[in-house]
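# Below are the sequence and a predicted model; questions follow.
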Amino acid sequence: MEGGVDPVKPSDAPSELAQLQERYRALEEENTRLQAERTQLLTLQEGLETQLRETLLELAELKRQLFGERSDRLTPEEEGQLAEVAADLEEEHQQDPPLSDDVLQDQAGEEPEGESPVKDSAKGKRRRRRHPLPEHLERQTVVLEPEGLAPCEHCGRPPEAIGEEVSEELEYVPAKLVVRRTVRPKYACRCGCGGVRVAPLPPRLVPQSKLGLGLAVYLLLARFDDHVAYYTLERIFRERHDVVIPRQQMVQWVEQIAFLLQPLCNLMFERMKQGGYLQVDETPVKVMDPGVKGKCARGYLWFYAVPGGDVFLDFQGTRGRAAPHAQLTGFIGTIQTDAYEVYDSLKKVIPDLIRIGCAAHSRRKFRRALRDGDRRAIGFIAHFRRLYRIERQTEDLTPEERHQIRQEQAVSIWTQLQQDAQALQPQLLPKSTLGKAVSYFLNEYEALTGYLQSPTYRIDNNLVENSIRVPAVGRRRWLFIGHPDAGWRSAVIYSLIVSCRRRGINPQHYLTDVLRRLPAMNITQIGQLLPECWKPLPSASPSDQPSCAPAPSPAA
């Protein structure tokens, strides 16, 4: 028909229908993907809104306590100090979660390498850059070939590969128990005169036992790093591996391994003491003592740490002076502690001992007073904030530069703090929260400023307190130590695990290598296995390992 539209040929209808069906399926897939993204965004929005509400409620409560009817109007200086405290609270709530979480997120939308995180202009918050799956992980490849690769209907040739689409997901391969057999062929001459020759059996980790190296490391980490109770491990072996390993057997194995590692820990502590500066703290732990009927006894884990270095734990049944005295006899140098009176009493029995205090303990008491609504604590917290800012700014400087800046800036702040506390103390009730904070500060003033004597000293004891977290988490999981005699082995294993983590060493790699080499060593060789000296050399014998460098000289 001239001047009109050609009618659709009947032969074209199936082709157009197939195209429409294909487009419909594509739209369905796109809709499913968008719905999934919408669900993720709603979940993220809900979490952010919850976090914002908590922050606003905390700030509102702080303002209510400070600006309520019973409070007078704040001075401009106090308002500025309060703003700094509020900024600290907001900064704590806006901390990003660990970057390791990124590996579990969808890789779609990944930013090009080298680009910084993008800032969301609508909400003013930074979006974390997603990271690819780690390259060191083993790759298991599955190739999916399309079905129906028939020759081309136009040219008759078979399809050729022109590229590929690759997607990755993180998979977990469950652990398994295996039986490792060691076969040693025996050789002899048929005449019977030359005797029998057989290869010597390598030293066993636990003589006359069936404990393999991998199982030993797993038990140590599961119990003391993952905080799994022995009865739970017994159930896991029975249900998931169909192997019965009684918990009593596991306890005996751990005791023998701890006995093997104990000389290594003792040597580590001797080297720590040579440095002349230790941070010390203690934490209670429940103990099942057969001599105490009807309840758990109380023991204590004493922590001795070198900032940025190793941590040594000592289990004792007492919190008295005898516990640290036994470990610090002959020590010459400085300990940094809280105000527990036992530490000051140590100076009576260890004449060369010097004690300095912990600013974090004092600051914590003023913060508690502020939470109770006493606005007079704001000025003290602001001064502490300036002191900590100095520490952050000098962290990467040389010791000489750090000492100079401390003397130029920190000394005047401490003097002002002391004057403010002395002027305020007569106005306070001794039993009030702020009264206790001021009394603690004035009584500890000489110890609190002791860190100014040397650039190697820290302003607080927080590093050793952070080391307490590992056994503290375990204390909540397994509740108690099964016997007073078991405390020492917990201390030995915790010492090595925490020291490895402080130095960025994988505890599993460290324990596997150390327990492989330790049974064949003598006592003069174990220094090369200390966390500060350890270097994995799987192809070398223990005698080929380099010796450890001498310990640093005592701090000035």
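Alright, I've got the coordinates. Predicted model, so just to flag it, every value in this text is computed and none were measured. Numbers count the residues shown, from 1 in each chain.

# was I right about Leu353 contacting Leu328?
Yes - Leu353 is within contact range of Leu328, at 7.0 Å (criterion: CB atoms under 8 Å). Any C-beta I mention is one placed from the backbone N, CA and C, and that applies to glycine too.

# Quick one: low-confidence residue ranges for this protein.
By pLDDT under 70, the low-scoring segments of the chain are 1-12, 54, 57-58, 60-130, 288-295, 467-485, 537-556.

# longest single strand anywhere in it?
strand 277-287 (DSSP state E).

# how far out from the middle of the chain is that one?
Distance of strand 277-287 from its chain centroid, counting by CA atoms, centre = their mean, to the nearest Å, is 18 Å.

# Which SSE is immediately downstream of it?
strand 297-305 (DSSP states H and E).

# Quick one: list the elements packing against that following strand.
helix 247-274, strand 277-287, strand 311-316, helix 322-328, helix 462-467, helix 487-502 (3 or more CB pairs under 8 Å, 6 or more residues apart in numbering; DSSP states H and E).

# Mind checking those for the one nearest to Ile381?
helix 462-467 (16.4 Å; CB to CB).

# what's next to that closest one, contact-wise?
With CB atoms under 8 Å, 6 or more residues apart in numbering as the test, helix 462-467 has contacts from 279-281, 303-305, 307-308, 311, 336, 358, 360, 498, 502.

# Show the buried residues in these.
279-281, 303-305, 307, 311, 336, 358, 360, 498, 502 (16 or more other CB atoms under 10 Å).

# How about Asp344: what's its closest non-neighbour residue?
Arg355 (6.3 Å; CB to CB, 6 or more residues apart in numbering).

# partners of the helix or strand encompassing that neighbour in the sheet?
If you go by DSSP H and E, Arg355 is part of strand 353-356. Using DSSP bridges, strand 353-356 pairs in its sheet with strand 333-336 (parallel).

# quick one: buried residues of the helix or strand following the partner strand?
Sequence order places helix 341-349 as the next helix or strand after strand 333-336, per DSSP H and E. Residues 342-343, 346 are the ones in helix 341-349 that count as buried (16+ other CB under 10 Å).

# returning to that earlier point: what's around the residue nearest to Asp344, how many residues?
17 (other CB atoms under 10 Å).

# which residue is nearest the centroid of the protein?
Nearest to the mean C-alpha position of the chain, by CA atoms, centre = their mean, lies Arg501 at 7.0 Å.

# Without its sequence neighbours, what residue ends up closest to that one?
In space, Arg501 is closest to Pro507, 6.7 Å off (CB to CB, 6+ apart).

# cool, Glu400 as well?
In space, Glu400 is closest to Pro455, 7.1 Å off (CB to CB, 6+ apart).

# The one you found sits in which helix or strand?
Using DSSP H and E, no helix or strand contains Pro455.

# Number of residues surrounding it?
With other CB under 10 Å as criterion, Pro455 counts 19.

# same thing with Gln418?
15.

# contacting residues around it?
442, 445.

# Now do the phi/psi pair for it.
phi -60, psi -40 (degrees, to the nearest 10).

# Okay, it and Arg223: tell me how far apart.
48 Å (CB to CB, to the nearest Å).

# follow-up on the earlier one: can you check which residues contact both of Leu353 and Leu328?
In contact with both Leu353 and Leu328: 335, 346, using CB under 8 Å, 6+ apart.

# Show me how far the helix ranked longest in the chain is from its chain's centre.
Criterion DSSP state H: the longest helix present in the chain is helix 13-67. In terms of CA atoms, centre = their mean, the centre of helix 13-67 is set 32 Å apart from its chain centre.

# I'd like the numbering to begin with 14 instead of 1 from here.
Taking 14 as the first residue, the last one we looked at is helix 26-80.

# Please name every helix or strand in contact with that helix.
helix 89-106, helix 372-384.

# That helix versus helix 372-384: what angle between them?
Angle, helix 26-80 to helix 372-384, by axes from the mean of the first three to the mean of the last three CA atoms, to 10 degrees: 90 degrees.

# what's Ala318 in contact with, if anything?
285, 291-293, 324-325, 476-477, 480.

# and the gap between it and Ser425?
Counting by CB to CB, the gap from Ala318 to Ser425 is 30 Å.

# hang on, Pro147 in a strand?
No - under DSSP: H, G, I helix; E, B strand; the rest coil, Pro147 sits outside any strand and is assigned coil.

# Adding distance to Glu151, write the contacts of Ala318 out as CSV.
Below are these laid out as CSV (distance: CB to CB, whole Å):
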residue, distance to Glu151
Met285, 38
Leu291, 43
Gln292, 41
Val293, 44
Val324, 33
Phe325, 37
Leu476, 36
Val477, 38
Ser480, 33
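
# I'd like to know which of these is nearest to Gly500.
Nearest member of these to Gly500, counting by CB to CB, is Phe325, at 14.2 Å.

# Can you spell out which residues form a bridge with that closest one?
Residues in beta-bridge contact with Phe325 (DSSP bridges): Tyr317.

# was I right about it contacting Met281?
Yes - counting by CB under 8 Å, Phe325 does reach Met281; the two are 6.3 Å apart.

# Next, show the common contact partners of these two.
Common neighbours of Phe325 and Met281 (CB under 8 Å, 6+ apart) are Ser508.

# Compare those two and say which is more crowded by neighbours.
Neighbours of Phe325 and Met281, each counted by other CB under 10 Å, are more numerous for Phe325; the result is 27 against 24.

# OK, contacts around the more buried one?
Phe325 neighbours (CB under 8 Å, 6+ apart): 278, 281-282, 285, 316-318, 508.

# can you list those residues in TSV and add distance to Tyr185?
TSV is the format used below for the contacts of Phe325 (distance: CB to CB, whole Å):
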residue	distance to Tyr185
Cys278	33
Met281	35
Phe282	38
Met285	38
Phe316	35
Tyr317	38
Ala318	35
Ser508	31
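
# Nearest to His416 among these?
Ala318 (22.1 Å).

# What separation do you get for the closest one and Lys286?
12 Å.

# Ok, Ala352 next?
For Ala352, the distance to Lys286 - CB to CB - is 23 Å.

# Any buried residues in stretch 341-352, and which?
Buried positions in stretch 341-352, judged by neighbour count with 16+ other CB under 10 Å: 341, 344, 346-352.

# So what touches it?
286, 288-294, 356, 359, 363, 365-371, 374, 453, 456-457, 460, 463-464, 467, 470-471, 474, 477, 567-568.

# Endpoints of it, how far apart?
End-to-end distance of stretch 341-352 (CA to CA, to the nearest Å): 18 Å.

# was I right about Arg197 contacting Pro215?
No - counting by CB under 8 Å, Arg197 stays clear of Pro215, with 10.2 Å between them.

# Test my guess that Leu214 contacts Arg197.
Yes - with contact defined as CB under 8 Å, Leu214 and Arg197 form a contacting pair (6.9 Å).

# Out of the helices and strands packed on strand 310-318, flag the one nearest Cys202.
helix 260-287 (39.6 Å).

# List the buried residues of the closest one.
Quick answer for helix 260-287 (16+ other CB under 10 Å): 260, 263-264, 266-267, 269-271, 273-275, 277-278, 280-282, 284-286.

# Stretch 450-457 too?
Buried residues in stretch 450-457 (16+ other CB under 10 Å): 450-455, 457.

# got it, and stretch 424-443?
426-427, 430, 433-434, 437, 441.

# now stretch 518-536
518, 520-521, 523-531, 534.

# What of stretch 380-390?
Buried residues in stretch 380-390 (16+ other CB under 10 Å): 380, 382-383, 386-390.

# Throw those residues into JSON lines and include distance to Leu65, thanks.
Shown next, in JSON lines, are the buried residues of stretch 380-390 (distance: CB to CB, whole Å):
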{"residue": "Arg380", "distance to Leu65": "23"}
{"residue": "Ala382", "distance to Leu65": "27"}
{"residue": "Leu383", "distance to Leu65": "22"}
{"residue": "Gly386", "distance to Leu65": "24"}
{"residue": "Asp387", "distance to Leu65": "28"}
{"residue": "Arg388", "distance to Leu65": "26"}
{"residue": "Arg389", "distance to Leu65": "30"}
{"residue": "Ala390", "distance to Leu65": "26"}
